[in-house]
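Student: Next comes the sequence, and after it the predicted model I'd like to discuss.
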Amino acid sequence: MKRQILDLYRRCVPEPVKQWISPRVKASVLGLAYGLTGYPDLRQWQMRHLFKAGPGRWQTPRLHDPLFSCALVPLPAPPSCAETTPAPGQYFAEFGFLGVKLQASLDDPAAVAAGKVSLRLNGHSLRDLGLIPVSEGRARLLYTIRRPALAMFPPRAVLSLHDARGAPLAVDLRYFPGRSGRDARQCHAIEIAIPFGDGRIFDHLAATGPLDKKGWPPPDRAAVHARQDQMLALYSRVRQVFDEDIGRPLFLLYGTLLGQYRGGDFIPGDDDFDVGYVSDASGPAAFKAEAMQIMERLVARGFIVGLNHLGRPHRVRDAQSGVEIHLDNHAVFAPGDGHVWLHPRARLPLSLDGFREVEKVQMRGVEVLRPVGTEAFLAAHYGPGWRVPDPGYANITTSSDRRVAQQLSALCLTRAEQRAFARRLVRQDLPGDFIAVALEPPYPLDRYAARVGF
């Protein structure tokens, strides 16, 4: 809904009207929207408008963001490079709180069939991006280049997207102030200005490989291995709570399960650790009550649990592991429609029985649990090619059905429920902590990074 409202403003409000509205008025509207949604991008856009408006109480070091000095400008293609055939799709880029957000739509069947789009900087590949099917011959993609990666960019560089055949996507100029959509096919690249960039990105990627699926510059192999060991140790500590206090097995899921089942280890370079448990909740209210009971028990044992900006339960870490070492814990449940459901947006034709029973296996000498129905889950979620490693794989969603997303969103805690839960934990003075992204103020940046991370 937030994206639709912003798109309506950008595409339907005439440019003279946008120019007439003062930055302070825009900032006020964005501040109201942020207050209603807790969406950090809105807060950042509000602060950017206030920063442009001139001196004021908001221009203090604690509220400053280095991204305010950055810019994205479409580059017209030179006459000698004019396209004689339509581009396979369109894309735009914008600054968000986490970095540069890219969104593209492809309507060329051949480009969609290839399944990948190349993200390039100054002609060098940053990463091949997976596509999300929308309909026959149409697809889209969403990707964010994170702040740490942007800090490695040259002060000025050129971003572009290309299909598998090398054809450039066109820049959708409707999203850039002062530009008309009538000549959208004439721009195929965007100049990105990062004044604080140190230019190390190409050397770094040559040593470590492409940006990861979440837009981070990957650490070196030794750092990845150490991080994976830390996540395994954290899993053992959290599993003990599930065994002793919650009475349910905590099993591996998603890419963590895929790596263990396929090769007995992590997928090379993987920095996620996904786990899950079976929920027998009969509806959204019962589901959320159960999730809060589990999170409360973890906080009582000294763990730090968190919700993402959607209010989705839940991420878990502890003071020993640090903000970047965490588990993504997913409830697996069956609402009675012959499918197994789990976040994010997964609805799979499986039986819950395949998850109720688990088996003990090893991962780097550490005992872990996996469902007995692992192979059926991997085939249903990743498709028939799940056995073959794909370094460029980036599964964003299993189902494109909006009804699936809507029903899963009903299982997320509202901001009012998050506040009430936070107050409940504070009254008990438990040793752990509860961090809800929607309730965390984005500024100052150092505090947000320490509690939430980027």
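Tutor: Right, received. Where do you want to start? Bear in mind that the values here come from a model prediction, so they are computed numbers and not experimental data.
Student: The stretch 301-450 of the chain: helices as residue ranges?
Tutor: With DSSP state H, counting those that start in this stretch as the criterion, the stretch 301-450 of the chain has helices at 353-356, 374-382, 402-409, 415-428, 445-451.
Student: closest one to Ala33 among those helices?
Tutor: With C-beta to C-beta, the closest approach to Ala33 among the helices of the stretch 301-450 of the chain belongs to helix 415-428: 13.4 Å. Bear in mind the C-beta positions are built from the backbone N, C-alpha and C, glycine included.
Student: just how off-centre is the closest one within its chain?
Tutor: 25 Å (C-alpha atoms, centre = their mean, to the nearest Å).
Student: Same check on stretch 248-268?
Tutor: Here the centre of stretch 248-268 is set off from its chain's centre by 20 Å, with C-alpha atoms, centre = their mean.
Student: Now do the end-to-end distance for that stretch.
Tutor: Its start and end residues considered, stretch 248-268 measures 29 Å (C-alpha to C-alpha, to the nearest Å).
Student: what residue lies at the spatial centre of this structure?
Tutor: Lys214 (6.1 Å; C-alpha atoms, centre = their mean).
Student: which SSE is it in?
Tutor: Lys214 is part of no helix or strand when elements are defined by DSSP states H and E.
Student: which residue sits closest to it, ignoring its sequence neighbours?
Tutor: With C-beta to C-beta, 6 or more residues apart in numbering as the measure, Arg146 is the residue that lies nearest to Lys214, at 6.9 Å, once sequence neighbours are left out.
Student: same thing with His162?
Tutor: Nearest in space to His162, with sequence neighbours left out and distances taken as C-beta to C-beta, 6+ apart, is Ser118 at 4.6 Å.
Student: what is that neighbour paired to in the beta sheet?
Tutor: Listed beta-bridge partners, Ser118: Asp128, His162 (assigned using DSSP bridges).
Student: Verify the stated contact: it with Ser125.
Tutor: Yes. Look at Ser118 against Ser125 with C-beta atoms under 8 Å: they come within range, at 5.6 Å.
Student: and these two? which has more neighbours close in?
Tutor: The neighbour comparison of Ser118 against Ser125 (other C-beta atoms under 10 Å) goes to Ser118, with 19 against 13.
Student: Report the contact partners of the more buried one.
Tutor: Contacts here follow C-beta atoms under 8 Å, 6 or more residues apart in numbering; on that basis Ser118 touches 125, 127-129, 161-164.
Student: go again using 7 Å as the cut-off
Tutor: Residues in contact with Ser118, defined by C-beta atoms under 7 Å, 6 or more residues apart in numbering, are 125, 128, 161-162.
Student: what do you get for Phe377?
Tutor: Taking C-beta under 7 Å, 6+ apart, we find Phe377 in contact with 348, 350, 354, 371.
Student: roughly how far apart are Pro313 and Leu408?
Tutor: Summarising the geometry, the distance separating Pro313 from Leu408, computed by C-beta to C-beta, to the nearest Å, is 11 Å.
Student: Could you do Phe153 as well?
Tutor: Using C-beta to C-beta, which is the criterion applied here, Phe153 is 35 Å from Leu408.
Student: Between those two, tell me which one has more neighbours.
Tutor: The neighbour comparison of Phe153 against Leu408 (other C-beta under 10 Å) goes to Phe153, with 25 against 20.
Student: Report the mean confidence score over whichever strand or helix holds His49.
Tutor: Using DSSP H and E, the element containing His49 is helix 40-53. The pLDDT scores in helix 40-53 average 84.
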